[in-house]
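K.L.:
Sequence and predicted structure are below.
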Amino acid sequence: MANHRHGDRLSWGDALFLYLEREGMPLNVASVCVFEGTISVEACTHHIASKLPRIPRYLQRVVSPPLNLGFPIWEFDPKFDIHNHVLAVTLKQGTEAEFKTLCGKILGKVMDRQRPLWDITLVYGLKGNRTGVVFRLHHCLADGIAGVEIMNELLGTVSSAPRVTKRKRNFRKPPQLNPLTSLLDGWISSCGNLVQGSLAAQSEVANIAGRMFVDSNSWPAAEFSKLVPELTVPTEPLHFNVTYRGPQKYAWTEIPLSDVKAIRHACGVSVNDVVLALVTMTIRRYAEMHRNPIRKRLLRMMVPVNLRGNGNAADLGNRISLLPVTVPLDIRNPRRLLLAVHERTEFLKRAHVAELVGLAGTLLGMIATPLQALLGPFASQLPVAPFNLVCTNVPGPQFPLYLLGHKMLQWYPYVPVGGEMTLNCAILSYNGTMYFGFSGCSQAAPDLGRLTALLRSNLAQLGKAVHVPTTRTTKARRVFHPSFDHRDDPAPETLRMTIPLAVPSPTIESPMATSPEEEGVLEPANA
């Protein structure tokens, strides 16, 4: 792991998540996991404490400079106590519905900025002798890729429990900067950030212009004239694109990764294309259930793109850009929809849109930091929806992981909601399964759980359309969760009956040919 030093300064992208956060709208990334057996809270606490020297950022808190001159810095917490970060709760009934409700409550809480911005909650009482574990990290600490690497650090690949020493870590309180020195350091950093941002912007402009000039020679004129207007039109809000009010809800499901890969190979597209097509189909049916007009409407998804390249994925912080994937929402033929998604993602890559978005971020980062800190909480409440939703897909390890010898059975990812993006989707692949986590505002999307059944139904539809047999998802789900009840997930047949009976909208033809609820009480875990 990287050696994160006392006094390191946050980047603009990391600090942005601090500025946008407000009470009731936390900006954390998280995972909800289920493990075999009962994991001892005492053993888990000692195990995590033994790993902290390898990830020193987990011992540091965020400190803002005087007058917000310069970006915040990381400082070691002189009062660090592992028991403030490892919590335990026991469910009353142990059902999946109760577990989901509890997760929504945990994920909807803002973390204390006087402490390192992470915590782990062990959830006991799940039926079938299982332990739930909720890992939370503030988004300023890590993005999805780094979050997976942190999980790899905490977990192991062997089923035997590792030997954990109980020796205490000697912690020497680092010297603190006095206010005058901190103010001067912040002012110098702010000036340096302006100069570095200007130089970086000039370099990025030259590099992007050169690559776009070379690649533009291969752009078909018809493709360019059709897809560029889609990128420039304003985002059309759906019923859930309203200002976030809370509280949060969280729902999840999973599908076999083998099914997704079979569809991918049959159509000559990427795994991410298949995922985006499934999410688009799900949002279309969900929008129709809420009487949203679909004809000639576009769905715009914010798709994070990893910028680490061949760098160290374990580096903390945010190393991502964004792709605005815009797809016609009224393409009802699943195969045509998949090809339309592929066409658009390939165009965005050739047009270097991720680099252009990164350039825009560099320019925004040059705004005076006091102004960024002042406007951030207000910006998160503006009635503006640049995207309909976030859809992030992170690859995880395709082999079992263990915590203290207990096998991890499920791994559901979480991405925060806020602003007018009150329904988002995170996907993570682990051990042959793709796990979907839907986060949402209970007021904007009170029936969030319906999305899980719709997604599983859409996988079968897409497989049938491309002549690929898929696993019966309802049966597979009971195999994954033999002891959980599924009454909170309505059956696809019930959902189809709630869709308004109307004449189907005409499909938009793609010219592209096929290419090869119970509440628990959180308590500190006493070691």
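P.N.:
That came in fine, so what should we check first?

K.L.:
Quick check: which ranges of the stretch 51-200 of the chain have low pLDDT?
P.N.:
The model of the stretch 51-200 of the chain has pLDDT under 70 over residues 68, 143-147, 161-200.

K.L.:
Strands along that one, start to end?
P.N.:
When secondary structure is read from DSSP state E, counting those that start in this stretch, the stretch 51-200 of the chain shows strands at 60-63, 73-76, 86-90, 118-126, 130-138.

K.L.:
So which residues lie in contact with the last one, not counting its own?
P.N.:
Spelled out, it's strand 130-138. 17-18, 26-39, 99, 103, 106-107, 111, 117-124, 126, 147, 150-151, 403, 406, 409, 483 (C-beta atoms under 8 Å, 6 or more residues apart in numbering). In short, each C-beta sits where N, CA and C put it, glycine included.

K.L.:
Please, a PyMOL command that selects the buried ones among these?
P.N.:
Selecting only the buried entries of the contacts of strand 130-138 in PyMOL, with 16 or more other C-beta atoms under 10 Å as the criterion:
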select buried, resi 17+18+26+27+28+29+30+31+32+33+34+35+36+39+99+103+106+107+111+117+118+119+120+121+122+123+124+126+147+150+151+403+406+409
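
K.L.:
Mind checking which of the contacts of strand 130-138 are in helices?
P.N.:
F17, L18, F99, C103, I106, L107, G147, I150, M151 (DSSP state H).

K.L.:
tell me which of these is nearest to H342?
P.N.:
Comparing these against H342 with C-beta to C-beta places G147 closest, at 27.4 Å.

K.L.:
I'd say K249 and L102 touch.
P.N.:
No. Taking C-beta atoms under 8 Å as the definition, K249 is not a contact partner of L102, at 11.5 Å.

K.L.:
what about the two, which has more around it?
P.N.:
More crowded of K249 and L102, by other C-beta atoms under 10 Å: K249, with 28 against 25.

K.L.:
circling back: output the strands of the stretch 51-200 of the chain in TSV, with distance to R295 appended to each entry.
P.N.:
Output for those, formatted as TSV (distance: least, C-beta to C-beta, whole Å):
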stretch	distance to R295
strand 60-63	47
strand 73-76	50
strand 86-90	47
strand 118-126	44
strand 130-138	41
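
K.L.:
Mind checking these for the one nearest to R336?
P.N.:
strand 130-138 (38.9 Å).

K.L.:
and P53, how many neighbours?
P.N.:
Residues near P53, counting by other C-beta under 10 Å: 11.

K.L.:
Then A88?
P.N.:
20.

K.L.:
name the helices or strands packed onto the helix or strand harbouring R456?
P.N.:
Taking DSSP states H and E as the criterion, R456 maps to helix 450-465. Where contact means 3 or more C-beta pairs under 8 Å, 6 or more residues apart in numbering; DSSP states H and E, helix 450-465 is packed against strand 248-256, helix 257-267, helix 271-289, helix 334-350, strand 433-441, helix 473-480, helix 492-498.

K.L.:
Taking the ones in helices among the contacts of strand 130-138, tell me the two that lie furthest apart.
P.N.:
Farthest pair in the ones in helices among the contacts of strand 130-138 (C-beta to C-beta) is L18 and F99. Separation: 29.6 Å.

K.L.:
Only alpha carbons, please: show stretch 339-352 as CSV.
P.N.:
What follows is stretch 339-352, C-alpha atoms only, in CSV (Å, rounded to 0.1, in the frame of the first residue of the first chain):
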residue,chain,number,x,y,z
LEU,A,339,-26.1,-2.6,-30.1
ALA,A,340,-27.2,1.0,-29.5
VAL,A,341,-25.4,1.1,-26.2
HIS,A,342,-22.3,-0.4,-27.8
GLU,A,343,-22.3,2.1,-30.6
ARG,A,344,-22.5,5.0,-28.1
THR,A,345,-19.8,3.8,-25.7
GLU,A,346,-17.4,3.1,-28.6
PHE,A,347,-18.1,6.6,-30.0
LEU,A,348,-17.4,8.2,-26.5
LYS,A,349,-14.1,6.3,-26.3
ARG,A,350,-13.0,7.5,-29.8
ALA,A,351,-14.1,11.0,-29.1
HIS,A,352,-12.0,11.0,-25.9
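
K.L.:
which residue packs closest to Q114, ignoring adjacent ones?
P.N.:
R61 (6.4 Å; C-beta to C-beta, 6 or more residues apart in numbering).

K.L.:
hang on, the earlier thing: mean neighbour count, the helices and strands packed on helix 450-465: which tops it?
P.N.:
strand 433-441 (a mean of 26; mean count of other C-beta atoms under 10 Å).

K.L.:
Which strands or helices does that strand pack on?
P.N.:
Partner elements for strand 433-441 (3+ C-beta pairs under 8 Å, 6+ apart): strand 248-256, helix 257-267, strand 406-414, strand 423-430, helix 450-465.

K.L.:
Name the strands paired with the third one and say parallel or antiparallel.
P.N.:
It stands for strand 406-414. strand 28-36 (antiparallel), strand 402-403 (antiparallel) (DSSP bridges).

K.L.:
Same question for the first one.
P.N.:
Partner strands and pairing direction for strand 248-256 (DSSP bridges) are strand 433-441 (antiparallel).

K.L.:
can you list contacts of the strand it pairs with?
P.N.:
32, 107, 240, 244-257, 260, 275, 410-417, 422-429, 448, 451-452, 455, 480.

K.L.:
Can you check what angle separates it from strand 423-430?
P.N.:
Between strand 433-441 and strand 423-430, the angle comes out at 160 degrees (axes from the mean of the first three to the mean of the last three C-alpha atoms, to 10 degrees).

K.L.:
Could you report the neighbour count for V158?
P.N.:
So V158, with other C-beta under 10 Å, has 10 neighbours.

K.L.:
List the contacts of it.
P.N.:
For V158, the contact set (C-beta under 8 Å, 6+ apart) comprises Y402, G405.

K.L.:
and the gap between it and Y430?
P.N.:
Between V158 and Y430 the distance is 17 Å, computed by C-beta to C-beta, to the nearest Å.
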